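Undergrad: Structure, please.
(2 chains)
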2 protein chains.
Amino acid sequence: VIGEPRRAAVLAIGDELLGGRALDTNSGEIAARLLELGFEVERTLVVGDDARGIERAIAELCSAYPLVVATGGLGPTLDDVTRDAAAAAARVPLVRSDETLEELRALFRRRAKEMPRSNERQALFPSGAQLMPNRRGTAAGFRLWVEGGVLAVLPGPPHEMREMLERELLPWLAVTCGPGECFESRVYGLAGIAESAFADRAGDWMERAANPLMGVTAHCGVLRVSLRARAATREAARARLELRGAELRERFAEEVFSEDEPRLAHAVGAQLIQRGITLATAESCTGGLVASMLTEVPGISQVYLEGWVCYSDRAKELRLGVPRELIERHGAVSGEVASAMAACAARESGARAAVSVTGIAGPSGGTPEKPVGLVWFGTSVDGALRAFEERFPPHGRETVRLFAAHRALDLLRRHLPPT
Amino acid sequence: VIGEPRRAAVLAIGDELLGGRALDTNSGEIAARLLELGFEVERTLVVGDDARGIERAIAELCSAYPLVVATGGLGPTLDDVTRDAAAAAARVPLVRSDETLEELRALFRRRAKEMPRSNERQALFPSGAQLMPNRRGTAAGFRLWVEGGVLAVLPGPPHEMREMLERELLPWLAVTCGPGECFESRVYGLAGIAESAFADRAGDWMERAANPLMGVTAHCGVLRVSLRARAATREAARARLELRGAELRERFAEEVFSEDEPRLAHAVGAQLIQRGITLATAESCTGGLVASMLTEVPGISQVYLEGWVCYSDRAKELRLGVPRELIERHGAVSGEVASAMAACAARESGARAAVSVTGIAGPSGGTPEKPVGLVWFGTSVDGALRAFEERFPPHGRETVRLFAAHRALDLLRRHLPPT
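TA: All right, here's what the predicted structure looks like:
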């Protein structure tokens, strides 16, 4: 018999989240990952950096939910009071972890810096808490029983939160909360398809009662499709997952770019490294964003040779050798110039593959014929050239650039020779 | 005598907000606007599209706060249940507004469309509610007394929410609730100082009872310091803010890079544009991240000429003209090579300023003498060269790269000629 999903709540802490000066991206991410383990987040509460308010929120949530994940307020400064509030809610004192203090001191020693006194606060934890180390920063997290529920406290900076969630909290939850039923989950990355088009073609796979349960999140042209199968045994859950996974890969053969790596740049980069295909980039409107995404991939230096950010027309001409007549005749945002940029980048660098982007990111620079959001792409692979046009919705400069960088990576992926 | 701020809560409704498929931008906006009227939002609660869950949330919040602003769940489809939940929480029936129904019908007639039956639901309101018309869509909002507090319900789409907030709710609150106390706030961006070191030097400015209240958040080498002053009049609040702001700028004269622009790249980019200082970038380990951050700034094309992503030693030599002997003698990660990269980038591009980055982002590539996290920077401004060394904590490739990109921008900023 398959049980009810386990209920959970998220508590996001920080004046900047409450007042609109920063957006809370952590809560949604935590909810999505918890769901894969069978925990359904029913509410997210956002409170400011006020010890009494945080304490009340923890007490309320922990008495209503078996699992509460809090994020934020673990910094070294006096306005970070989550540790104090958690201790108060659990009615235990704060105690110092000598081990953590020593680790903090060692960290500062390695950087040849003196540890400021305020960092000592980060070695204080509610008595009885189980610590979760932070590999990306100085704020360790912890788990604590409060009012019969588990309170897990993660740091606020997203990259620190994510690492601790993935490496510490989720594995612990998977083991500790054990099988009421068994879950198996997997994430697919898709590109080159809109969320609504995906939903239309996915049909009843997306129903709330479907097993595996399918979840989709879209981010500027990249879809993260998660599947979560549940069954009485792990093997049965896995079998369900495999079946739907195979159907998904068949129905979306063009669009699926990876299993278990929803970051497009990482998936494409890994493929280039594995196949030993060298690459160069030539960017205008994305201004180094494609290069920056690719160089986030560990080991990419084996294949990524170099990149040009040719923001001015002069740079396109002088650095890459794009003929000036071509720019004058067709404009810098054109298929001709995009092709030439890719061809020149491949030739200059000696790379097997090259990708180029040239477009109008806005907010100004658009014309009726060439509006904000118009972007041309070029790819060159083993001497073969392709050019592509895209018109992205003019939802702001940042969005157009992200869409364009993702599209460039996807077009490059689709142009690679078959394995 | 200054009264307590009036307390308020925001309730954001929607499965997509809870599960991370969409970000809740409404709550922060509502909180910021309410604060100007003297209402302090103490918590934001996010719940899914579940009638019982919404009803419980409304009842809880309205019994604790004199003002609760809810947003979302007013659409025509069956999964939009906020009106039902509000009526249930207030223990009143839903009644039809014939006037609203007629307006809806007229709206569809003007668009030469037949009104779907489902839209009829949008003419139902809790009995006794005061309606707030929607000039941007079909979902009217309403105000209602629940448990002794005011519940105001706004639509979820941000442009509809905003219009109703500005035109209907805020003017009503200003008249009905009269003048409370006044708030003024401002945000400073600081770079080149750790959060803990800032706290040590800021001292009692950071206490919870301080007025202005100070909040600090850190992101990979950039601090966002917010000040919020309160007083009986707007002028008095502003005076308090000015005073502390002047003290902050004096005590952290080196570190403050902007007022009201906490994004370092945007502040540096704006300064370059305003002063007409042309720029080029030469990046190794950051792989285009500095260029990508700078080119996010609207209008940067006026001064940003071009950038090189010289990932390989060959590219450093061939593209920029860094002498091979220099790389062989000192290594690619060295002050000599960083300086040469900046000098060459300035010379090749003809830009007045150039910044370079070369380092070891990891996870591999480190040695005892040159560990992961070691990064050298070069800046060239009007022919003058500087080189800097930094050892960032080895908290992962992504973190090292972000720290390094921010540091590069900050070093460039500090090298610019005085205004």
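
Undergrad: Quick check: the gap between A:Gly290 and chain B.
TA: Actually, residue A:290 is Val rather than Gly. 7 Å (Cβ to the nearest Cβ, to the nearest Å). For every residue, glycine as well, the C-beta is placed using N, CA and C.

Undergrad: On the three-state scheme, that residue is what?
TA: Under the three-state scheme (DSSP: H, G, I helix; E, B strand; the rest coil), A:Val290 adopts helix.

Undergrad: can you tell me the helix or strand for A:Gly28?
TA: Counting by DSSP states H and E, the element that carries A:Gly28 is helix A:26-36.

Undergrad: does that helix come close to chain B?
TA: Yes. Under the criterion of Cβ under 8 Å from any Cβ of the partner chain, chain B is reached by helix A:26-36 at A:27-32, A:35.

Undergrad: Could the C-alpha coordinates of that helix be exported in PDB?
TA: C-alpha atoms of helix A:26-36 as PDB (Å, rounded to 0.1, in the frame of the first residue of the first chain):
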ATOM      1  CA  ASN A  26      15.800  28.800  -2.100                       C
ATOM      2  CA  SER A  27      12.400  27.800  -1.000                       C
ATOM      3  CA  GLY A  28      11.200  26.600  -4.400                       C
ATOM      4  CA  GLU A  29      14.400  24.700  -4.900                       C
ATOM      5  CA  ILE A  30      14.200  23.000  -1.500                       C
ATOM      6  CA  ALA A  31      10.500  22.100  -2.200                       C
ATOM      7  CA  ALA A  32      11.300  20.600  -5.500                       C
ATOM      8  CA  ARG A  33      14.200  18.500  -4.100                       C
ATOM      9  CA  LEU A  34      12.200  17.400  -1.100                       C
ATOM     10  CA  LEU A  35       9.300  16.200  -3.300                       C
ATOM     11  CA  GLU A  36      11.700  13.800  -5.000                       C
END
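
Undergrad: Tell me the strands beside the helix or strand just after it, with direction?
TA: Using DSSP H and E, the next helix or strand after helix A:26-36 towards the C-terminus is strand A:39-47. If you go by DSSP bridges, strand A:39-47 pairs up with strand A:6-13 (parallel), strand B:39-47 (antiparallel).

Undergrad: what about the helix or strand just after the shortest one, near chain B?
TA: Right, the one you point to is strand A:6-13. As assigned by DSSP H and E, the chain's next helix or strand after strand A:6-13 is helix A:15-18. Yes. Using Cβ under 8 Å from any Cβ, helix A:15-18 comes into contact with chain B via A:15-18.

Undergrad: what's the spacing between stretch A:33-48 and its chain's center?
TA: With Cα atoms, centre = their mean, to the nearest Å as the basis, stretch A:33-48 stands 17 Å off its chain's centre.

Undergrad: Kindly report the same for stretch A:54-72.
TA: 25 Å.

Undergrad: One more: stretch A:121-139?
TA: The answer for stretch A:121-139 is 24 Å, by Cα atoms, centre = their mean.

Undergrad: Same check on stretch A:394-411?
TA: Going by Cα atoms, centre = their mean, where stretch A:394-411 is centred and where its chain is centred differ by 15 Å.

Undergrad: following the host helix or strand of A:Ala229, which helix or strand comes up?
TA: Per DSSP H and E, A:Ala229 falls inside strand A:222-231. Where DSSP H and E defines the elements, the next helix or strand beyond strand A:222-231 is helix A:234-251.

Undergrad: what's the angle between that next one and strand A:222-231?
TA: 150 degrees (axes from the mean of the first three to the mean of the last three Cα atoms, to 10 degrees).

Undergrad: Could you tell me which residues within helix A:234-251 count as buried?
TA: A:237-238, A:240-241, A:244-245, A:248 (16 or more other Cβ atoms under 10 Å in any protein chain shown).

Undergrad: buried sites along the helix or strand just after it?
TA: Of the helices and strands lying after helix A:234-251 in sequence (DSSP H and E), the nearest is strand A:256-259. Of the residues in strand A:256-259, A:256-258 count as buried by neighbour count, 16+ other Cβ under 10 Å.

Undergrad: Dump those to TSV, plus pLDDT and distance to chain B.
TA: Listed next are these as TSV, based on pLDDT from 0 to 100; distance: Cβ to the nearest Cβ, whole Å:
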residue	pLDDT	distance to chain B
A:Val256	97	20
A:Phe257	97	20
A:Ser258	95	18
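
Undergrad: Make JSON lines out of the residues you listed and add distance to B:Val297.
TA: JSON lines is the format used below for those (distance: Cβ to Cβ, whole Å):
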{"residue": "A:Val256", "distance to B:Val297": "35"}
{"residue": "A:Phe257", "distance to B:Val297": "31"}
{"residue": "A:Ser258", "distance to B:Val297": "32"}
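
Undergrad: nearest to chain B, of the buried residues of helix A:234-251?
TA: A:Leu248 (18.5 Å; Cβ to the nearest Cβ).

Undergrad: Hmm, A:Leu227 and the closest one touching each other?
TA: Yes. Using Cβ atoms under 8 Å, A:Leu248 makes contact with A:Leu227 at a distance of 7.5 Å.

Undergrad: what sits in contact with each of those two?
TA: Common contacts of A:Leu248 and A:Leu227, defined by Cβ atoms under 8 Å, 6 or more residues apart in numbering or on different chains, comprise A:Tyr188.

Undergrad: Could I get the contacting residues of A:His159?
TA: Counting by Cβ under 8 Å, 6+ apart, A:His159 has contacts A:136, B:396, B:398-399, B:402.

Undergrad: cutoff 10 Å now
TA: A:His159 makes contact with A:136-137, B:219-220, B:395-396, B:398-399, B:402 under the criterion Cβ atoms under 10 Å, 6 or more residues apart in numbering or on different chains.

Undergrad: farthest pair in the residues you listed?
TA: B:His219 and B:Gly396 (14.5 Å; Cβ to Cβ).

Undergrad: re earlier: how about JSON lines for the residues of helix A:26-36 next to chain B, with neighbour count and pLDDT added?
TA: Below are these laid out as JSON lines (neighbours: other Cβ atoms under 10 Å in any protein chain shown; pLDDT from 0 to 100):
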{"residue": "A:Ser27", "neighbour count": "27", "pLDDT": "95"}
{"residue": "A:Gly28", "neighbour count": "25", "pLDDT": "92"}
{"residue": "A:Glu29", "neighbour count": "19", "pLDDT": "92"}
{"residue": "A:Ile30", "neighbour count": "28", "pLDDT": "95"}
{"residue": "A:Ala31", "neighbour count": "26", "pLDDT": "92"}
{"residue": "A:Ala32", "neighbour count": "19", "pLDDT": "86"}
{"residue": "A:Leu35", "neighbour count": "21", "pLDDT": "81"}
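
Undergrad: List just the nearest of those to chain B.
TA: Of the residues of helix A:26-36 next to chain B, the one sitting nearest to chain B (Cβ to the nearest Cβ) turns out to be A:Gly28, at 2.2 Å.

Undergrad: I'd like to check which residues are in contact with the residue nearest to that closest one when sequence neighbours are not counted.
TA: For A:Gly28, ignoring the flanking residues on the chain, the nearest one in space by Cβ to Cβ, 6 or more residues apart in numbering or on different chains is B:Gly20 at 2.2 Å. Contact analysis of B:Gly20 by Cβ under 10 Å, 6+ apart lists A:10, A:25-33, A:35, A:41, A:44, A:215, A:217, A:224.

Undergrad: redo that, cut-off 7 Å
TA: Listed by Cβ atoms under 7 Å, 6 or more residues apart in numbering or on different chains, the contact partners of B:Gly20 are A:28-29, A:31-32, A:217.

Undergrad: what distance separates the start and the end of stretch A:315-335?
TA: End-to-end distance for stretch A:315-335: 18 Å, by Cα to Cα, to the nearest Å.
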